[in-house]
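A.B. asks: Pasted the sequence and its predicted model underneath.
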Number of protein chains: 2
Amino acid sequence: MSPARRGQDTRDRVVGAAASLYRRQGCAGTGLAQIAQESGTRVGSIYHFFGGGKDALTEEVVRTSGAAYGALVAGILAEGPEDPVEALGAAFGRAADDLAASGYADACPIATIALEVASTHEPLRRATAEVFGEWLVGLTAFCRGVVDDEAVARDLATAVLTMLEGAFVLSRAARDTTALHAAGRGVVVLASALRDTHAAQD
Amino acid sequence: MSPARRGQDTRDRVVGAAASLYRRQGCAGTGLAQIAQESGTRVGSIYHFFGGGKDALTEEVVRTSGAAYGALVAGILAEGPEDPVEALGAAFGRAADDLAASGYADACPIATIALEVASTHEPLRRATAEVFGEWLVGLTAFCRGVVDDEAVARDLATAVLTMLEGAFVLSRAARDTTALHAAGRGVVVLASALRDTHAAQD
DNA sequence: CCCTCTCTTGAACGATCACTCAAGTAGGCT
DNA sequence: AGCCTACTTGAGTGATCGTTCAAGAGAGGG
C-alpha cells in the first residue's frame, strides 16, 4: 500500500475519531492522546497531517461533520413524506429515534463545539457559523415548499433549526426524547400556520 | 468581619466567577486556577468550600445560575406585554438585546455545561436536566395563559424553550441576533396558532 | 539498488490540570 | 487572656495538556 493511501486512511480515521469524541464530550474535554488512541495512531501522526495542531484538526472536524450532517438531514427530508410539513415533523421523530439509539450521544455534531468556541476562538467560531449558515440555506430552500415567500421561508427554516438544536440540548440532558417530539409537533403547527396565512394572502 | 461572613463572600464570589467563566468557555475549558484568580482567592480556598472538588462546584453553579436564570425569565415575562403571546415574543427580543450587549457571551448559563456533561458525567447531567425541568414547569404555567389545556401548554412551553436554547446557539455562533428574532417571530406564530385552535375547540 | 518522499514512532518539552496539605491568620466565645 | 473554629496561604503532588523533534520504516521512481 502506498504511503499516500495509508496516510489518507489515517487522516480520515483521525478526523472521524475526533468528530465522534467531540460530539460526546466537547472539544476542550477531548485530548489529542485520546483521539490518537481512538483512531489507532500516535499523536505525532496527527501533527503530520495537521500542522496547525488541534485547532486545525478541530476546524476540519467542524467543516467535515457539518457537511455530512447537512447532507444527512437533507436526505431524511427528501425521503420523508411528500407533504413538506409532514416531512419536517417526521424528521424530528427520526432525530429522536437516532438519538435514543445512540445512547443520547449522537445529536448535533457541532453544537457543543459552537458553544465552547463562540467567545474564545474566533476562527473556529466563524467555521461553526458558516456551517449553520449553509444548513440554513438548504433548509430555507426546503421550506420554500411550504411558503413561497423567501423571507418567510427563511424565518421558518431558522425556527426549525433552533427547535432542532434546542431540543437536542434538552433531550440529551434529560435522556429522553420528549423535547424532540414536542418540538416536532411545534414545527408542524408552526409550518402549517405559516402555510395557511400565506395561502390566505394569495 | 466574622470569618463566616468573609467565607460566605468568598464562596459566593467563587460560584459567581465560575458561572461567568463556564458560560463563556464551558466547564472543561475552565481551570480552577482561572476561577480562583477571577474571584480573587486561591485554589486552596475553593477546596475549603467545595470538598467535592470541581464537580461539586460545577453542580452548585448549575443549580444556582439555573435558578437565577429561571427567575430572570419569569420576571421578564411578568413585566412584559399583558398579552402572554406578545410577552413571549418580547422576551426573545429582550434576550437578543442582552446577548448583543454582553458581546454575545451571556446566553443560557447552563447549555454549554449540559452538552459537555450529558454523556460524560451522570450526576451533573441529572443536575442540568432538573434545572431544565424546573424551567419547563414555570414556562408551562405561563403558557396556560395562552392555552388552557395542560398538555398543549406543556408542548408549547417545551417548544418555546427549545427555540430559545437553539437560537442562543445560532446567535452566539453567528454573532448576530437574527436567529433570536426569527425564533421570537416563530414563537408568536406558534402560540397564536395554538390559542386559535384551542379556542375553536371550546 | 538507492534515493526520495510520506508517514510512523517514541521520547521529550514546558505548561497547566485537579487536587492535597501543613502552616498561618484572625475573629468569636468563655 | 487563651482557645476554637473558620478561613487563607503557598508550596507541592502526579497526571495530562498541546506541541516538537529526531530517527526509523517503507513503498515508488530513477
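C.D. replies: Nice, I can see it. Numbers count the residues shown, from 1 in each chain, chains lettered A, B, ... in the order given.

A.B. asks: Can you find the helix or strand of chain A with the lowest average pLDDT?
C.D. replies: The helix or strand with the lowest mean pLDDT-type score in chain A, counting by mean pLDDT, DSSP states H and E, is helix A:3-25 (a mean of 88).

A.B. asks: And the contacts of it?
C.D. replies: A:30, A:34-36, A:38-41, A:45-46, A:48-50, A:57-58, A:60-61, A:64-65, A:105-109, A:112-113, B:28, B:116, B:119-120 (C-beta atoms under 8 Å, 6 or more residues apart in numbering or on different chains). To be clear about C-beta, it is placed using only N, CA and C from the backbone, and glycine gets the same treatment.

A.B. asks: Quick check: which ranges of chain A have low pLDDT?
C.D. replies: Under the criterion of pLDDT under 70, the regions of chain A flagged as low confidence span A:1-7, A:199-202.

A.B. asks: Recalculate using a threshold of 80.
C.D. replies: Filtered on pLDDT under 80, chain A yields the residue ranges A:1-8, A:199-202.

A.B. asks: Geometric centre of chain A: which residue is closest?
C.D. replies: Among the residues of chain A, the smallest C-alpha distance to the mean C-alpha position (C-alpha atoms, centre = their mean) belongs to A:Cys108, namely 4.0 Å.

A.B. asks: From the structure, what's the count of residues near A:Gly103?
C.D. replies: Applying other C-beta atoms under 10 Å in any protein chain shown, we find 10 residues neighbouring A:Gly103.

A.B. asks: For it, what are phi and psi?
C.D. replies: Comment: the main-chain dihedrals of A:Gly103 come out as phi 70, psi 30, following degrees, to the nearest 10.

A.B. asks: So which bits of the longest helix belonging to chain A are buried?
C.D. replies: Ordering each helix of chain A by length in residues (DSSP state H) puts helix A:53-79 first. Neighbour-count burial for helix A:53-79, counted by 16 or more other C-beta atoms under 10 Å in any protein chain shown, picks out A:54, A:57-66, A:69-70, A:73, A:77.

A.B. asks: what are the ranges of the helices in chain A?
C.D. replies: Remark: helices assigned in chain A by DSSP H are A:3-25, A:32-38, A:43-49, A:53-79, A:84-101, A:111-117, A:122-143, A:150-174, A:178-201.

A.B. asks: In the last one, which residues are buried?
C.D. replies: So the one you mean is helix A:178-201. Residues of helix A:178-201 classed as buried: A:178-195, A:198 (neighbour count, 16+ other C-beta under 10 Å).

A.B. asks: now check it, is it near chain B?
C.D. replies: Yes. For helix A:178-201, a contact with chain B is found by C-beta under 8 Å from any C-beta of the partner chain, at A:Thr178, A:Ala179, A:Ala182, A:Ala183, A:Arg185, A:Gly186, A:Val189, A:Leu190, A:Ser192, A:Ala193, A:Leu194.
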